Structures are given as structure tokens and as C-alpha cells.
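Asks: Below are the sequence and a predicted model; questions follow.
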Amino acid sequence: MAIYSHRKSVCALMLALVGLTLSGQSAAFVESYADSEAVAGDQTIFLLGIAVGRLEPDARFDESTVQRAAVRSTLAYAVPAPLTLAEFAFLLSEYFEIRPSMMGRLFPGPRYALRDLRTERVIFYEADATAPVPGDVALRTIRRAMTWEAAE
Amino acid sequence: MNHSYRRASALLVLLLLVTATTLYAVEVDFSTTGRMLLIEDDQQFSADGTITLSHRFTQDQKITAQGLGTVSTEEDPNAFLTLFEYQGAFPLSENSGVIKLIAGRTEIVELSGFLAPLTLDGFVVGFQRPGFIVQAVATTTVLLRPEESLVLTAADAIEAEDPDRFFGPSRFVSGLIFLLPETVGRLNLSLQYINQLDGRALFGADPGDDLYTSHYLTMGVESPLGPDIFGSLQLIGNLGTVEVEGIGRSTFVGYGARGQLRSYLPAAQRPTGQLSLYFASGDGSSAAFPELSGDVSTSFAPGPYNVPWQFTGIPFANIVAAELGGSLLPLSWANDAGLRRTRLAGDTTLLYRPFDEDMGVAGTDPTSDRGFYGVLLNAEFVFSPFVDLDVTAGGDIFLPSESTNGGLFLPGSERSWRMVVEGTLRY
């Protein structure tokens, strides 16, 4: 019960913080995302697409919008399968165009994306690279990435 | 045969790494540092490689292993297991606290800043509640360096066979640490007791061995002093004894203080100020007891580089040091060029020795009016074009004064300088 109410508050907080960008989304979608134990690739790409303006704020979540939101390097993740923490970091770094490290530039992919985002203090979540990403963690991290982008 | 064996070993290690990485979600990180050190006319080249493996069982439990290999023009190639630790946190019921456990080879940072960080084998058990944190430490240096171990201060330098290094006999290190956060207002208080026991005292000493024990008691307070400044004061007391079976016992006492001012500014703009002093005296007048080394390096040595400071003539004991330093913003031209994380920093350390005698068990001569001065200047430029690549160029110079009787800051300590260029890549 405590966890449920915690996630509800995180969801409400996220809607408030993300603000207009996600205001067109149904609360049910964001709430379902925040409640998930392991966020899926297609849902995350959809949210990121809205967050960076690739999709209009009132877009509906379906296969076609997910495909529109995906960029070439992230197409492989536009599927309803759980993301690992490293894959989630890779999506964030691609959508927010976070400057990659030298090794990340030479070998783009989840491994260096996760390390880079930890260095940039966008990701604080302490878990292995292969661990799933809980929804509330994902939403908080997307918010930090948006703050990071604004600061840059 | 030898080559075949090495190749087979390397392949086995590689296979284990790949298996561990894929099956057990082990994260692997590498870093390499190449370095050129110019000490006056002497050029030295070295390279370090580090491999770190970590696996997290749960969010609160993690195991980490780290190995370091070095090659240089000055020493034979070498490799160490620098870290092999398990860390776990176990919340108690009803939010009554958290127990933290570290077991294995770990680095222990002593709070006062007077004692060097130590890599030790053993256990650290902590109990944490909102009002306080208490930690108990039980460790040894026997496994890491069976013949020699890190010396904490010059007062510990008995029997240091190579005074250029911080080494002494193997020992057991135990301690009890209390942290009381925000005790009064925003004032943090720390209390700490550390004991060092000569390993030979437990496992049998040979006749004539001088067994060394020390007790450190430190107290620290730190608190904001204003909206932009943070201040801290550390006090340390050190009681050491040297005992030679059948001959007698010698004791010495050390006491020191260190005050620091830090600002809340970002690291790239942060001014630093620090005043440190440490004095020691002893009663070891018997010739049977070894002299304390007057030639052991010091925590006052500046420089960010991971290379031994060559000005080893500065003792920890009987010295006052005032350090002023700061960093400048990333340079504007670097910003214009899109190069982030450039940093220019410098330190000036003023050193004063009120006595002209070496620190020894025989003590110092407090009536001497001949003081010795020295200045250490350090500057560094760090350039990080990427977050995983650092290039550092820096230099230090040591300027000792000459005393009225023609002596130097310390015997053998002449004006000297060094320059370092090093690059580190993490991959």
C-alpha cells in the first residue's frame, strides 16, 4: 500500500515537473509506466519522443507513434520488452544528445552510455547494467535528463 | 613452456571474465594511465593498468574486485590485488537503523586527514541511525604486504628500511569511529580511536625485535561558517610505544591540529585554505632503540599525481604548514572551443620547522631558536576533452631556506623541482 501511494505521488510529481511536455498524455499511461516493475522499450521510446519533441504532446501510445518516435539507433528497442539499465541509459543519451565519452563515440552502445550518464550525474540508480528499470526510477531519470539538457 | 603456461593462464583469465560477465552480470571496467615524470634531469616513464569487476546481488549488496598492474623505467613490472570487498547494508525492522558490513580487502579513510588512506584486509561493521553512526574496524596488513606495511606518520617510521616509502612492519589495525551528524545546529562531530599493533607481537617476535604499538585519538568538528564557507577543525593525539623484550620500553607522544576552510563553489572555482601542525616528543634515550626516521614523506606533499613525491626530506613531525590554493574556471578559450572540463589549479604551501634537530626518539630541542622555512609551489592543468579521458600537466618546486648556520630546511633537502605529464583513459 505504501509503495502504491509512493508511486502515485511520484507519478503526480512527474506530471507536474515534466509539465506541458507531457500534459497531453493520459494520466493512466504515465501512471501505468510509473507502476511498472520493468519499463518496456516501446513505452520509454514513446515518452522520450514526446519529451524531446519528436511527437506531439497529445499523441496516443500505439505502434505507429512508437515507430515515429524511434530514431535509427533506437529502432531495435522499440518493442514491448523490458529494458536493461544500460539500454535505458543508451536511449536517454540518444534522445537528449548527451555528449558521449571517447569510448562511447568509438563504440556507441549501452555499455558506455550507462557509464557516461553516471559520470554526468543523470543516472543515480545503483544497479547492475543488466538490471531492469522500475518505472518510478525511469521517470525520475528522464526528468534529470531534461534538467541536464536545459542546463547545457 | 613458460610462454605456453602464460598464454594458457591469460586465456583462462579471459574465459573466466567473459563467463562471469555474461552469466553473472559482472560489470568490467578498465583504465590505463601513461605518465612521463621529469625530476630535474632525470626522465621516468611509467604506465598503470587497472581492471575493476563488480557484481551487485541486490541494490544493497555488492562485491568488487580491482587489480592494478604497473610497468616503469625505474622498477620491475608488478601487479596487485588492490580491492576485493563485499559491501552489504541490512535495514533493521521498524526503521530502527541500518547495519553495514564491508569484508575483504578495502580502503579505509581515516577521518582526521593526518593518517594516510590504508588498503587493509579485514572487516568494517557499522550501525547507522539518524542521530549517529558508529563503525568498528578490525583489519591487518599481513596479507597485502607480508613483509612491510604502510606507515601512518613519521612517528611510525621505526624500522622503515626504505625511508623514501611509507613502509614499516606488518601490523593489525583496529578502530572505533563515532560520527554524530548535526549534533548542535549543523555542526558535525566525529570521535575516533585507532590502534596499531605490531604483527610480530601476536605471532612471535625474535629476540631483539622492537615491537611497536600506537594509539591514535582524534576529534573533529565541522560546520558551515556562513552561506558560502564550510570550516573544519581536526585534533589528533598519538601515543606510541616501542618495546624491546628484556631491554625496556620507549614512548613518544604526538599531537596535532588541522584547520580547513572550504567554499561551496564548484570544484573548478574552489579556493582552499588549510593550516596544519604536528609535533612529537619522546623519551627514548636508550641507544637500544632505533631513531625515528627524519626522512619520511608527508601528507603535506602537494600534487595530484599518483607518483611518489621525491622531496622526501620533509618530516611529518614538528612542522607547521599553511596551504593556500585554488582553481580557476575552465578557460574561456577552451569553452569557446567546446572543450569542457579544463581546469587550472595551484597550491602554495608554506612550511616552518621550529627545531633544527631531526625528530628522534631522543626528542627535539625546544630551546632552539633556529627555524627552518620552505615553500612548495604546485600548479596543474587538467584537460578532459571527454569524460573518460584526462590529460594532466603539472609541476612542483620546493624552495628551502638556509638557516643562519648554513643548514638547509632539512639535511639533504635542496631546491628541487619536477614536472609530470600524464594521460588516463577509462574504457
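Replies: Thanks, I have the structure now.

Asks: Within range of chain B, give me the residues from chain A.
Replies: Near chain B, the residues belonging to chain A are A:99-105, A:112, A:115-116, A:119-120, A:126-131 when assessed by CB under 8 Å from any CB of the partner chain. The way it works is simple: take the backbone N, C-alpha and C, and place the C-beta from them, glycine included.

Asks: which residues of the stretch 201-350 of chain B score low on pLDDT?
Replies: For the stretch 201-350 of chain B, the stretches flagged by pLDDT under 70 are B:208, B:245-246, B:266-270, B:278-319, B:328-340.

Asks: any chance you could map the helices in it?
Replies: In the stretch 201-350 of chain B, the helices defined using DSSP state H, counting those that start in this stretch lie at B:332-336.

Asks: ditto for chain A
Replies: Taking DSSP state H to define them, one finds helices in chain A at A:2-18, A:27-35, A:41-51, A:63-69, A:85-95, A:102-106, A:110-119, A:135-151.

Asks: Then the stretch 51-200 of chain B?
Replies: Along the stretch 51-200 of chain B, the segments classed as helices by DSSP H, counting those that start in this stretch run B:199-203.

Asks: Tell me the residues on it that lie near chain A, please.
Replies: Those residues of the stretch 51-200 of chain B that sit near chain A, judged by CB under 8 Å from any CB, are B:55, B:56, B:59.

Asks: Point out the ones among the residues you listed that are inside strands.
Replies: Assigned to strands by DSSP state E, the following of those qualify: B:55, B:56.

Asks: Tabulate the residues of the stretch 51-200 of chain B next to chain A (JSON lines), appending neighbour count and pLDDT.
Replies: Listed next are these as JSON lines, based on neighbours: other CB atoms under 10 Å in any protein chain shown; pLDDT from 0 to 100:
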{"residue": "B:55", "neighbour count": "16", "pLDDT": "87"}
{"residue": "B:56", "neighbour count": "20", "pLDDT": "85"}
{"residue": "B:59", "neighbour count": "12", "pLDDT": "79"}
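
Asks: and which of the residues of the stretch 51-200 of chain B next to chain A is nearest residue A:43?
Replies: Sorting those by distance to residue A:43 puts residue B:59 at the head of the list, at 22.6 Å, by CB to CB.

Asks: Spit out the contact partners of residue B:30.
Replies: Shown in contact with residue B:30 (CB atoms under 8 Å, 6 or more residues apart in numbering or on different chains): B:49, B:50, B:51, B:52, B:426, B:427.

Asks: Just to check, the fourth one is in contact with residue B:66?
Replies: Yes. At 4.6 Å, residue B:52 counts as touching residue B:66 under the criterion of CB atoms under 8 Å.

Asks: which residues are common contacts for those two?
Replies: Shared contacts of residue B:52 and residue B:66, defined by CB under 8 Å, 6+ apart, are found at residue B:83.

Asks: Kindly state the beta-bridge partners for the residue nearest to residue B:143 when sequence neighbours are not counted.
Replies: Here the nearest residue to residue B:143 in space, its sequence neighbours aside, is residue B:121; by CB to CB, 6 or more residues apart in numbering or on different chains that works out to 4.5 Å. The residues paired with residue B:121 through beta bridges, assigned by DSSP bridges, are residue B:105, residue B:140.

Asks: mind showing which ranges of chain A have poor pLDDT?
Replies: When the per-residue scores of chain A are filtered using pLDDT under 70, the ranges that remain are A:1-27, A:150-152.

Asks: one more time with 50
Replies: A:1-13, A:16-17, A:19-20 (pLDDT under 50).

Asks: hmm, back to that, what's the closest of the residues of the stretch 51-200 of chain B next to chain A to residue A:46?
Replies: For those, the closest approach to residue A:46 (CB to CB) belongs to residue B:59, at 27.0 Å.

Asks: Return the residues in contact with that closest one.
Replies: For residue B:59, the set of contacting residues under the criterion of CB under 8 Å, 6+ apart consists of A:126, A:127.

Asks: For residue B:50, give me its contacts.
Replies: For residue B:50, the contacting residues are B:30, B:31, B:32, B:66, B:67, B:68, B:69, B:82, by CB under 8 Å, 6+ apart.

Asks: ok, of these, which one's closest to residue B:344?
Replies: residue B:31 (23.5 Å).

Asks: Help me confirm that that closest one is found in a strand?
Replies: Yes. The assignment for residue B:31 by DSSP: H, G, I helix; E, B strand; the rest coil puts it in a strand.

Asks: So for the spatially closest residue to it that is not a sequence neighbour, what pLDDT did the model give?
Replies: On the basis of CB to CB, 6+ apart, the spatially nearest residue to residue B:31 that is not a chain neighbour turns out to be residue B:426, at 4.3 Å. Residue-level confidence at residue B:426 comes out at 89, pLDDT.

Asks: Pretty sure residue B:426 sits against residue B:33.
Replies: No. Assessed by CB under 8 Å, residue B:426 is found out of contact with residue B:33, at 9.8 Å.

Asks: what's the neighbour count on residue B:31?
Replies: The number of residues packed near residue B:31 is 16, by other CB atoms under 10 Å in any protein chain shown.

Asks: Repeat that for residue A:66.
Replies: Neighbour count for residue A:66, taken as other CB under 10 Å: 23.

Asks: Now for it: which residues touch it?
Replies: Neighbouring residues of residue A:66 by CB under 8 Å, 6+ apart: A:42, A:45, A:46, A:49, A:78.

Asks: One more: residue B:141?
Replies: Contacts of residue B:141 were listed using CB under 8 Å, 6+ apart, and they are B:118, B:120, B:121, B:149, B:150, B:170, B:171, B:172, B:173, B:199.
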